[in-house]
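*Asks:* One predicted model, sequence on top.
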Amino acid sequence: MSTYVNPVDPPDLGLLPTFRRLLPLWWAERRLGFFGLACSLVYVLISIAIPVLIQQAIDHSIDATHHQHLKPLWPYLAIIVVLGAGRFVINFNRRFATARIGVRIEARMRELLYQAYLRYPRAFYDRHATGQVLSRATNDLYPIRYFIGWGLVQGMQSIMMIIGVGIVLVLVNPLLALYTAVALPPITWLTFRFARRVSPISREVQERKGDVTEAADEAVVGIEMVQAFGRENDIRERFGDKAEGVRATVLRQAGIESRHLPGLYYLPGLSIAAVLFFGGRAHIHHQLTIGQFVLFETLLLQLVWPLEALGWITNLAQRALASAGRSFAWLEGIHPLPEPAEPRHLPEKPQPLEVRFEKVGFAYGGEVDVLHDLELVIEPGEIVAVCGPTGAGKTSLLNLLPRFYDPTAGRVLIGGVDTRDLPIAELRADVALVTQRPVLFSVPLKENILSGREDEDWEKALAAAVASGVDSFGPGLPDGYDTLIGERGVNLSGGQRQRTALARALATGARVVVLDDPLSAVDTFTERRLVARLRPALAGRTVLVATQRLSTVEIADRAVVLLDGRIVESGKPKDLIQAGGPFAKLFRDEVVAA
């Protein structure tokens, strides 16, 4: 049997490993935790003391059967009232403390996941849908909060109540206490059976909720295409199928609960019935006072909720551990790209950097190679265009430079240093990237331009904006460069988004610039003006630009043609056109049109 585990899709953790990982988070809140447990202990002692006082009041102040001289009743009443008020205060403090624990641990788990998301390799996001990623940081954490914030301490309180009541009952009448234990064996068996059945279904419920989040996310993000192609009904049906999956799974979970929880509610009644029968006979035969009889009944009635609560807490614990198991599987099973054990550093600025690919091979997730024994050298300060048909491997090649992925064979060197020997932060500070689909943040345009390097002087950033053509639309926005850009740059056109991303890359001052089809969304006239501006702006930087447009290739000193993951042609663009090889064939229509 294969034991291969996908490094970006590890299996969920089991219950015990998950519990062991939750304990340190609880331990970090131990002061509140121990305070909550102390409140629970005091609450239990008061809850037991009140029935004992009632028994004493009945036997010594109300029932004259065994005492000719009755004691005053009011002291008992006063103490009971004070203890009742004290129990209210204790219960309030216990709930407040434990609720804070739950909220803090939920926030800590969400923080850990979010920090991990920022460090995970790109392969993780290639594997997992956005909805599933969001679900583990939202839906999966609610059961954890409820269990830690209520269930855990409530469970301990229930156990303390059961033990305390058992001790008192044994001290009062051991034989009758034995009769009341008739329900404990079936309750224990039913609780363990319920826990075993509900655990796997709880995990499935969380997975189905993630599917619903994924479907909703895709519909919202792709709303333009949904509406443009009239796919509303299809998307609605797809979402309905996912929602039906949640409904069906939750109904199966409810079926398991309905077959087990009613039994947990019914069985404590057997103990009450046993006390009525055997305790009643003992009182008739003068072996049990009326106060002791009432004590037994009152304490057993107080046990009904703790015994019922154990069923709910077991259910909640299974849900929480299933959710936490999913989260911890990612936190511990998925690792970011490794930092070098003995880091090296790039040459000091302003020296331009050479980029070299040596016998590079690459494949996504162990699949078929998309790059094969690739050899390419970009001289310091040189601009090289990578051309090729769709699927040739251009984007894959460019993604190796900022180390979104590591090559599966060979090595990538910048400034003579293997990228795997450089601290990731240092590497990415000197490699600026413009992707095919630029991502902008919901902040002002100025902050988007500066987001690559927030400490950059605005005057220098403004020069980058001019070079990338942002000056043609930025000042004309309602608030100029301070205009708030909507989510994903929704209030900008595709070309404006690309130019903003280009300005962001130029403003970083990085010595290596990676451009992945950076001008595909602008018209040819605008592109030619931008190419003329970009040449001086890129002077002294090493640039690798992937494009399928001849007008963009004009920015390059040299062009290479990538075909099936291999470089098949290299040279100056004009020479390659005259040679009539793969490059000329790739741009034949544009050459003819020109």
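*Replies:* Received the coordinates, thanks.

*Asks:* for residue 413, helix, strand, or coil?
*Replies:* The assignment at residue 413 comes out as strand when based on DSSP: H, G, I helix; E, B strand; the rest coil.

*Asks:* Give me the distance between the residue nearest to it when sequence neighbours are not counted and residue 203.
*Replies:* Of all residues not flanking residue 413 in the chain, residue 356 sits nearest, at 4.4 Å (Cβ to Cβ, 6 or more residues apart in numbering). Where you see a C-beta, it was placed from the backbone N, CA and C, and this is true even at glycine. Note on residue 356: its distance to residue 203, by Cβ to Cβ, to the nearest Å, is 48 Å.

*Asks:* Let me see the contact set for residue 91.
*Replies:* 39, 43 (Cβ atoms under 8 Å, 6 or more residues apart in numbering).

*Asks:* Mind telling me what element it is part of?
*Replies:* helix 74-119 (DSSP states H and E).

*Asks:* Any idea how far the helix or strand that that helix is followed by is from the middle of the chain?
*Replies:* Per DSSP H and E, helix 74-119 leads on to helix 122-127 as the next helix or strand towards the C-terminus. Averaging C-alpha positions (Cα atoms, centre = their mean, to the nearest Å) puts helix 122-127 14 Å from its chain's average.

*Asks:* Show me what counts as buried in helix 122-127.
*Replies:* 123-124, 127 (16 or more other Cβ atoms under 10 Å).

*Asks:* now what about the host helix or strand of residue 164, what contacts it?
*Replies:* Following DSSP H and E, one finds residue 164 within helix 152-172. Contact with helix 152-172 is made by 26, 33, 36-37, 40-41, 43-45, 47-48, 52, 94, 98, 176-177, 180-181, 292, 295-296, 299-300, 302-303, 305-307, 309-310, 313, 317, as judged by Cβ under 8 Å, 6+ apart.

*Asks:* now it: mean pLDDT?
*Replies:* Across helix 152-172, the average pLDDT comes to 87.

*Asks:* swap in stretch 562-573?
*Replies:* Mean per-residue pLDDT for stretch 562-573: 91.

*Asks:* cool, stretch 139-147 as well?
*Replies:* So the average pLDDT for stretch 139-147 ends up being 85.

*Asks:* Buried residues of it, list them for me.
*Replies:* Applying a neighbour-count criterion of 16+ other Cβ under 10 Å, the buried positions in stretch 139-147 are 139-147.

*Asks:* from the contacts of helix 152-172, which ones fall inside helices?
*Replies:* Using DSSP state H, 26, 33, 36-37, 40-41, 43-45, 47-48, 52, 94, 98, 176-177, 180, 292, 295-296, 299-300, 302-303, 305-307, 309-310, 313, 317 are the members of those that sit in helices.

*Asks:* Would you mind checking these for buried ones?
*Replies:* Of these, these count as buried by 16+ other Cβ under 10 Å: 26, 33, 36-37, 40-41, 43-45, 47-48, 94, 98, 176-177, 180, 292, 295-296, 299-300, 302-303, 306-307, 309-310, 313, 317.

*Asks:* Tell me, please, where in the chain the pLDDT is lower than the cut-off.
*Replies:* Within the chain, the segments meeting pLDDT under 70 span 1-6, 64-69, 221, 224, 229, 366, 589-594.

*Asks:* Please report how far the residue nearest to residue 394 when sequence neighbours are not counted lies from residue 509.
*Replies:* Once flanking residues are discounted, residue 394 sits nearest to residue 546: 3.9 Å by Cβ to Cβ, 6+ apart. Separation of residue 546 from residue 509 (Cβ to Cβ) stands at 22 Å.

*Asks:* Have a look at these two and say which one is more surrounded.
*Replies:* Shown here are residue 546 and residue 509; by other Cβ atoms under 10 Å, residue 546 has more neighbours (24 against 18).

*Asks:* list the contacts for that one?
*Replies:* Shown in contact with residue 546 (Cβ under 8 Å, 6+ apart): 385-387, 394-395, 397-398, 515-517.

*Asks:* go with 7 Å
*Replies:* Contacts for residue 546 (Cβ atoms under 7 Å, 6 or more residues apart in numbering) come out as 386, 394-395, 398, 516-517.
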